[in-house]
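> dropping a prediction and its sequence here:
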Amino acid sequence: MYVGTISRRVDVFIVGAGPGGLACAIAAASQGLQVEVIDAAKPPIDKACGEGLMPDTLAALAQLGIDLNHASIQEELQSSSFPLRGIRFIGSPSDTRRATTTEAIFPEGQGRGLRRTVLHQLLLQRALALGVRLHWQTSVQRIEGEQVHTSRNTVHARWIVGADGHQSRIRFLAKLHKASSGSQRIGLRQHFAITPWTDFVEVHWADHAQAYVTPVSPNEVCVAFIASKKFTNIQGALALFPSLQRRLMSAPATDKPRGAITMSRRFHHVTSGNIALIGDASGSVDAITGEGLALCFRQAIELAQAFKAEDLSLYEQAHARLHRLPRFMSRSLLMMDRSPRVLKKTLNTFQRKPDLFSQLLKVHIGHSQFHLLGSSGILASLLCFITS
């Protein structure tokens, strides 16, 4: 997989071989462009995340040529993925009541629980099939116009893409660091060997913390915890969610815990000259939305279109448009995280009016128009009610 000599001239040079970088490589190569990708690490590349792919994420993946709903891929992933039917919210039980629970089924199609490393391998295979050249354990030192000086060679590139995460060096070199920052929280992920008890993504709510439970195979679940304070360990995280702790009490862990930071950050610009940013390098929304992968896949498709038109301003506009709804949803859901009163009232409302939760899910995954969130919209009416 390692290519010894980096070619002297390419159309698109991408720094970062995570999902965003590989998606961009796939989209650009599909346009007939010559693409090279470097990464300071080597595969498999993993990251702490909830590992649940919503139907809109699967649709974006299909546009990149990876159709997880295709019979052949489903058969291939039968033992390493799990179909998901919807989302379930579970509140913390009080001393006198059972936990508040509400759920909604995806309006069209299924989602899929899939280990991050399995997803990365699928993206890698697709990129290689399209002729993308990949170089591991290679880093960028400086950029001068169309020249990218790496730790191995100098590359001449028409377009340069920073897909190198929250601490992006490309963003620093392009001086695209002006940003508006919001929440910053801590995530912790662990896999457990247990037969999934549900085909929903379960979101367990506690005061200022959530636990996301996603089946990722017929005999394994992924549990991702997010909170404003750092967890001491997995048992400390589970202690915040007693019902989940009891369920997983005898389930052995199948890997080591992995931590991450999730944040809301909006950069003033994501392009400069021939440089564009994608994925976390271009800004992010809190992981509470579950939309990180869907966002970077959509960004990749839009960026490839901008390459084709030779106009990065098109990507700048598309990037702002793509982030509008996830940012709104992130702010709304974080209201529940920050206020136990708002959380309790919202979950009680969803339990009494499950259709309201279903409509919210439709909006969240793009099956209802964004105008539903306006002054007369469903979510706006809910927020007015729960904060009154």
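That came through fine.
> where does Gly216 land in three-state SS?
Rather than Gly, residue 216 is Val. strand (DSSP: H, G, I helix; E, B strand; the rest coil).
> what's the answer for Gly259, then?
In three-state terms, and counting by three-state DSSP, Gly259 is strand.
> in what element of secondary structure is the residue nearest to it when sequence neighbours are not counted found?
Counting by CB to CB, 6 or more residues apart in numbering, Gly259 lies nearest to Leu188, which is 5.1 Å off, once chain neighbours are set aside. Heads up, the C-betas are built off the backbone N, CA and C, glycines and all. Using DSSP states H and E, Leu188 maps to strand 179-193.
> mind listing residues that contact the next helix or strand after that strand?
Using DSSP H and E, the next helix or strand after strand 179-193 towards the C-terminus is strand 200-206. By CB atoms under 8 Å, 6 or more residues apart in numbering, the list of residues contacting strand 200-206 from outside reads 50, 52, 84-92, 103, 111, 113, 210-214, 240-241, 243-244, 290, 336, 343, 347.
> rerun that using 7 Å as the cut-off
Identification of contacts with strand 200-206 by CB atoms under 7 Å, 6 or more residues apart in numbering yields 52, 84-92, 103, 210-214, 240-241, 244, 343, 347.
> you'd agree His156 is in a helix?
No: using three-state DSSP, the assignment for His156 is strand, not a helix.
> surely it and His149 touch.
No: assessed by CB atoms under 7 Å, His156 is found out of contact with His149, at 10.7 Å.
> now do the helices in this structure.
According to DSSP state H, the chain carries its helices in the segments 19-30, 55-63, 71-76, 116-129, 169-173, 234-238, 242-247, 292-309, 312-338, 340-352, 354-364, 378-386.
> for the fifth one, packing partners?
The criterion is 3 or more CB pairs under 7 Å, 6 or more residues apart in numbering; DSSP states H and E, and the helices and strands that helix 169-173 contacts are strand 140-144, strand 154-162, strand 275-277.
> show me what the first one is packed against.
In terms of contacts (3+ CB pairs under 7 Å, 6+ apart), strand 140-144 is packed against strand 147-150, helix 169-173.
> tell me the centre residue of this structure?
Centre of the chain computed as the mean C-alpha position; nearest residue by CA atoms, centre = their mean is Gly292, 2.3 Å away.
> ok, it - contacts?
Gly292 is in contact with Cys49, Ser284, counting by CB under 7 Å, 6+ apart.
> in this structure, where is pLDDT below threshold?
Per-residue confidence for the chain (pLDDT under 70) gives these ranges: 1-7, 93-98, 366-388.
> domains for it, by residue range?
Domains of the chain are assigned by automatic domain parsing as 9-47+117-180+266-326, 82-112+182-262, 339-386.
> of all these, which one is nearest Gln63?
Counting by CB to CB, Gln63 lies closest to domain 9-47+117-180+266-326 out of those; the figure is 5.8 Å.
> chain center to the closest one: distance?
Distance, stretch centre to chain centre, for domain 9-47+117-180+266-326: 15 Å (CA atoms, centre = their mean, to the nearest Å).
> distance between the ends of it?
Start-to-end span of domain 9-47+117-180+266-326 (CA to CA, to the nearest Å) is 37 Å.
> returning to that earlier point: out of the domains of the chain, nearest to Ile73?
domain 9-47+117-180+266-326 (8.1 Å).
> which other helices and strands does the strand holding Leu188 contact?
strand 220-227, helix 234-238, strand 258-267.
> please identify the most buried of the helices and strands packed on helix 169-173.
With neighbours defined by mean count of other CB atoms under 10 Å, none of the helices and strands packed on helix 169-173 is more surrounded on average than strand 275-277, at a mean of 27.
> buried residues in stretch 127-145, which are they?
Judged by neighbour count using 16 or more other CB atoms under 10 Å, the buried positions of stretch 127-145 are Ala127, Leu128, Leu130, Val132, Arg133, Leu134, His135, Trp136, Thr138, Val140, Ile143.
> next, format the residues you listed as TSV and append distance to His364.
What follows is these, written out as TSV (distance: CB to CB, whole Å):
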residue	distance to His364
Ala127	29
Leu128	33
Leu130	31
Val132	32
Arg133	37
Leu134	34
His135	37
Trp136	36
Thr138	38
Val140	36
Ile143	37
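> chain center to the strand holding Leu188: distance?
Relative to its chain's centre, strand 179-193 lies at 11 Å (CA atoms, centre = their mean).
> hey, C-alpha coordinates of it in CSV?
Extracted C-alpha coordinates of strand 179-193, given in CSV (Å, rounded to 0.1, in the frame of the first residue of the first chain):
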residue,chain,number,x,y,z
ALA,A,179,-12.9,31.0,14.4
SER,A,180,-15.9,31.2,16.7
SER,A,181,-15.8,28.5,19.3
GLY,A,182,-18.6,26.9,21.4
SER,A,183,-18.7,23.9,23.5
GLN,A,184,-15.8,21.6,24.2
ARG,A,185,-16.5,18.2,25.8
ILE,A,186,-14.7,14.9,26.4
GLY,A,187,-15.5,11.6,24.8
LEU,A,188,-14.6,8.0,25.8
ARG,A,189,-15.4,4.9,23.8
GLN,A,190,-15.4,1.2,24.6
HIS,A,191,-16.5,-1.9,22.8
PHE,A,192,-18.2,-4.8,24.7
ALA,A,193,-18.8,-8.4,23.7
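> follow-up on the earlier one: now which of the contacts of strand 200-206 would you call buried?
Buried residues within those, counting neighbours by 16+ other CB under 10 Å: 52, 84, 86-92, 103, 210-214, 240-241, 244, 343, 347.
> neighbouring contacts of stretch 118-128?
If you take CB under 7 Å, 6+ apart as the criterion, stretch 118-128 is touched by 19, 22-23, 25-26, 29, 43-45, 64-66, 80-81.
> tell me the buried residues within those.
With neighbours counted by 16+ other CB under 10 Å, the contacts of stretch 118-128 contain buried members at Pro19, Leu22, Ala23, Ala25, Ile26, Ala29, Ile45, Leu64, Ile66, Ser80, Ser81.
> and the third one, how close does it get to Phe350?
Spatial separation of Ala23 from Phe350 under the definition CB to CB, to the nearest Å is 33 Å.
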